[in-house]
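K.L.:
for reference, the sequence and a predicted model appear below.
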Amino acid sequence: MTMIHPTAVVDRSAELADSVQVGAYAVIGPKVRIGAGTVIGPHVVVDGPTTIGQNNRIYQFASVGAAPQDKKYGGEDTSLEIGDGNTIREFCTLNRGTAQDVGVTRIGNDNWIMAYVHIAHDCQVGSHTIFANTTNLAGHVHIGDWVILGGCSQIHQFCKIGAHAMTGVGSVVLHDVPPFVMVSGNTAAAHGINVEGLRRRGFSAEAIGAIRHAYKTLYRGGLTLDQARAALSGEIDALTSNGSADAASAVSMFGGFLAQVTRGIVR
């Protein structure tokens, strides 16, 4: 049975699954869909069009699905999509997309989004990420799976951060961050790979060794980005020929990411 506090305001057109909980003074607007087991805390505002999956927990005073903070926005019917099992803490702000991009801001599954985080219009966030307090994503940012953003990290618009990457506290990211790479500083610079995170996620010693070698190729070989792409392609071929499928797959994540870089990479 859906449990809605008597002081909450829920639009008649909103679709709430059984077992959804809505706290005191929350406001659920039109064109909102919320999946089973999701808990909407007190004073949360959810604007539509927004779709929220199952078993999410959204804490008090969050603003979910508000219109984008973009002067080009003209009231187009854009949306926000949130997957399953996410935790969204106090005072977070997640905005809908814009017609100038795909029109949808997307959040994957099992993300841990701490207090005062802002996720702007058209951001595409993967799964299993951690965004520490007061981190801000500008518009059109893409975040891969398992990314960790340290507290107060500031990500410039249109930047991409690859899977398993990590930023230090207070990082200002103005360029793309390849997978596995740790960055920090203002402006952010690369400081090796996220070895401990990879171990925790079950990467083999061979795969981690191949990632280390790929990092050295990219950051210490004195190569241009195009030259690094070619060199990494050769490393992938060699690993594949040697039967090192896991290692080849890991290095392929580097190569695939570099093929989509639009702002240069953090150096």
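P.N.:
Looks like it came in fine. Treat the numbers as computed from the prediction; the structure is a model and nothing was measured. Residues are numbered from 1 along each chain as shown.
K.L.:
can we go C-alpha only for contacts and neighbour counts from here?
P.N.:
OK.
K.L.:
and the strands in the stretch 101-250 of the chain?
P.N.:
104-107, 112-113, 118-119, 124-125, 130-131, 136-137, 142-143, 148-149, 154-155, 160-161, 166-167, 172-173, 181-184, 189-193 (DSSP state E, counting those that start in this stretch).
K.L.:
partners of the third one, with directions?
P.N.:
It stands for strand 118-119. Looking at strand 118-119 with DSSP bridges, its partner strands are strand 93-95 (parallel), strand 136-137 (parallel).
K.L.:
repeat that for the fourth one.
P.N.:
Under the criterion DSSP bridges, strand 124-125 sits next to strand 104-107 (parallel), strand 142-143 (parallel) in its sheet.
K.L.:
ok, Q21 touching V44?
P.N.:
No: in terms of CA atoms under 8 Å, Q21 does not count as a neighbour of V44; the distance is 11.8 Å.
K.L.:
more neighbours, the two?
P.N.:
V44 (25 against 20; other CA atoms under 10 Å).
K.L.:
show me what contacts the more buried one?
P.N.:
By CA atoms under 8 Å, 6 or more residues apart in numbering, the contact set of V44 is G23, Y25, A26, V27, I58, Y59, Q60, F61, A62, S63, V64.
K.L.:
quick one: mean pLDDT over stretch 125-137.
P.N.:
Taken as a whole, stretch 125-137 carries a mean pLDDT of 98.
K.L.:
how far does it sit from the chain's center?
P.N.:
6 Å (CA atoms, centre = their mean, to the nearest Å).
K.L.:
could you dump it to PDB, C-alpha only?
P.N.:
The C-alpha atoms that make up stretch 125-137 are tabulated as PDB, following Å, rounded to 0.1, in the frame of the first residue of the first chain:
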ATOM      1  CA  VAL A 125      25.500   9.300 -14.900                       C
ATOM      2  CA  GLY A 126      26.300   5.600 -14.900                       C
ATOM      3  CA  SER A 127      25.900   3.100 -12.000                       C
ATOM      4  CA  HIS A 128      27.600   2.400  -8.700                       C
ATOM      5  CA  THR A 129      29.100   5.900  -8.400                       C
ATOM      6  CA  ILE A 130      29.800   8.000  -5.300                       C
ATOM      7  CA  PHE A 131      29.500  11.800  -5.400                       C
ATOM      8  CA  ALA A 132      30.700  13.300  -2.100                       C
ATOM      9  CA  ASN A 133      29.100  16.400  -0.500                       C
ATOM     10  CA  THR A 134      28.800  19.700  -2.500                       C
ATOM     11  CA  THR A 135      30.100  18.200  -5.800                       C
ATOM     12  CA  ASN A 136      28.700  20.000  -8.900                       C
ATOM     13  CA  LEU A 137      28.200  18.600 -12.400                       C
END
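K.L.:
with mean neighbour count and distance to I211 added, can I get the strands of the stretch 101-250 of the chain in JSON lines?
P.N.:
Converted to JSON lines, the strands of the stretch 101-250 of the chain look like this (neighbours: other CA atoms under 10 Å; distance: least, CA to CA, whole Å):
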{"stretch": "strand 104-107", "mean neighbour count": "24", "distance to I211": "27"}
{"stretch": "strand 112-113", "mean neighbour count": "22", "distance to I211": "26"}
{"stretch": "strand 118-119", "mean neighbour count": "25", "distance to I211": "30"}
{"stretch": "strand 124-125", "mean neighbour count": "22", "distance to I211": "23"}
{"stretch": "strand 130-131", "mean neighbour count": "22", "distance to I211": "22"}
{"stretch": "strand 136-137", "mean neighbour count": "24", "distance to I211": "27"}
{"stretch": "strand 142-143", "mean neighbour count": "23", "distance to I211": "19"}
{"stretch": "strand 148-149", "mean neighbour count": "26", "distance to I211": "18"}
{"stretch": "strand 154-155", "mean neighbour count": "25", "distance to I211": "24"}
{"stretch": "strand 160-161", "mean neighbour count": "30", "distance to I211": "16"}
{"stretch": "strand 166-167", "mean neighbour count": "28", "distance to I211": "15"}
{"stretch": "strand 172-173", "mean neighbour count": "24", "distance to I211": "22"}
{"stretch": "strand 181-184", "mean neighbour count": "25", "distance to I211": "10"}
{"stretch": "strand 189-193", "mean neighbour count": "18", "distance to I211": "8"}
